[in-house]
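K.L.:
All I have is the shape, not the residue letters:
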C-alpha cells in the first residue's frame, strides 16, 4: 500500500489566506505607483537577509508596483579603505571623503555593489538595470558646503526621464548614489538623501528606508520607545532637541525632503527583519516609523 497523503493544516492555510486578504486593499491602492527603497545596513551585509529583501523587491514589481532601489555600500567602502590603509571618518552620519576616498567609493558602489545587486535581482526572477547618478546626466550635484566633508555632495537637480523609461519597460532601476559636480568632479552623496530626492522627482507614493534599528526612537538606548507615526513638525522638533542624531539625521531629513516634494508617506524600518518591506507596505499596522506631512 502507498503512503497516506499528509492532511493539510487548515489553520495554517487560513492564516496564509488571511495575510493575502489583508494585503489586497494595499495592492489595489498602490498598483502602478512608484516606491523608492533605500537599501543598506545589515540587509545588505547578511546574505540571507539580502536574498529576502530582493525577493520582496521582485514581488513588488510582479504585483504591479514600480520599485526603484537606491543602495548604500558603507561597509564595503570602509573595508576597501582599510585595505588601502585609510581610516574612515564621519560627521553627522556622513562619510568624510577626500579625493582618494571618493574614488574608492565610486569604485565599490558602481564596480561591485551595483552590478552584484543587478545580478541578484535577476537570480530572483526580476529584471534590473544598474545606474549611478552620472548616467544620462540623471543627477547634478554640488559639494556640501560648510561641513568639511570634502567630496561629499548634495543633489541640485534630478532628471527622472531615464528612470521613468526603465520603469515603463518593466525594469527595476538600481541606483548608486554617485553624481558629478558642476566641474565634472565625482561626488559621493549620502544614500538616504539621494533616495529622498529621487523619490520626490519621481513623484513616488512612498519612500522606504531600510536601517539597522526599529525606526525613530524617543530614546536610542530603549528599543521599546519606537515612534510609530511622526509628523514633519515633530521630526524637526526631535532633531532640534537632539533626540534624532548621528546616522538617523540624514534618514529623517531624506523623509522631509521627499515629503516637501510631494511624496505621500515615508517609512523608516528595520531591515534586519525578514520581509520587513512587505510588512510595512501591506499590513494594517506596519513595523517601523511612518513620517508624514502636516
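P.N.:
Looks like it came in fine. Worth saying up front: this structure is predicted, and the values here are computed from it rather than measured. Numbering: from 1, shown residues only.
K.L.:
Show me where the stretch 1-150 of the chain has its helices.
P.N.:
10-30, 42-45, 47-62, 74-83, 99-108, 114-123 (DSSP state H, counting those that start in this stretch).
K.L.:
How far away from the center of its chain is the first one?
P.N.:
Yep, that's helix 10-30 we're talking about. Between the centre of helix 10-30 and the centre of its chain there are 25 Å (C-alpha atoms, centre = their mean, to the nearest Å).
K.L.:
if we can go back for a sec, to residue 227, which of the helices of the stretch 1-150 of the chain lies closest?
P.N.:
Among these, helix 42-45 comes nearest to residue 227, with 20.9 Å by C-beta to C-beta. Any C-beta I mention is one placed from the backbone N, CA and C, and that applies to glycine too.
K.L.:
Any idea how many residues pack against residue 199?
P.N.:
Around residue 199 there are 31 other residues, counting by other C-beta atoms under 10 Å.
K.L.:
mind putting the helices of the stretch 1-150 of the chain in JSON lines, mean pLDDT, distance to residue 177 and mean neighbour count included?
P.N.:
Listed next are the helices of the stretch 1-150 of the chain as JSON lines, based on pLDDT from 0 to 100; distance: least, C-beta to C-beta, whole Å; neighbours: other C-beta atoms under 10 Å:
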{"stretch": "helix 10-30", "mean pLDDT": "75", "distance to residue 177": "25", "mean neighbour count": "11"}
{"stretch": "helix 42-45", "mean pLDDT": "82", "distance to residue 177": "13", "mean neighbour count": "19"}
{"stretch": "helix 47-62", "mean pLDDT": "92", "distance to residue 177": "17", "mean neighbour count": "19"}
{"stretch": "helix 74-83", "mean pLDDT": "90", "distance to residue 177": "11", "mean neighbour count": "16"}
{"stretch": "helix 99-108", "mean pLDDT": "94", "distance to residue 177": "9", "mean neighbour count": "18"}
{"stretch": "helix 114-123", "mean pLDDT": "96", "distance to residue 177": "10", "mean neighbour count": "18"}
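K.L.:
State the distance from the most centrally placed residue in the chain to residue 222.
P.N.:
Compute the mean C-alpha point of the chain, and by C-alpha atoms, centre = their mean the closest residue is residue 38, 0.7 Å away. For residue 38, the distance to residue 222 (C-beta to C-beta, to the nearest Å) stands at 25 Å.
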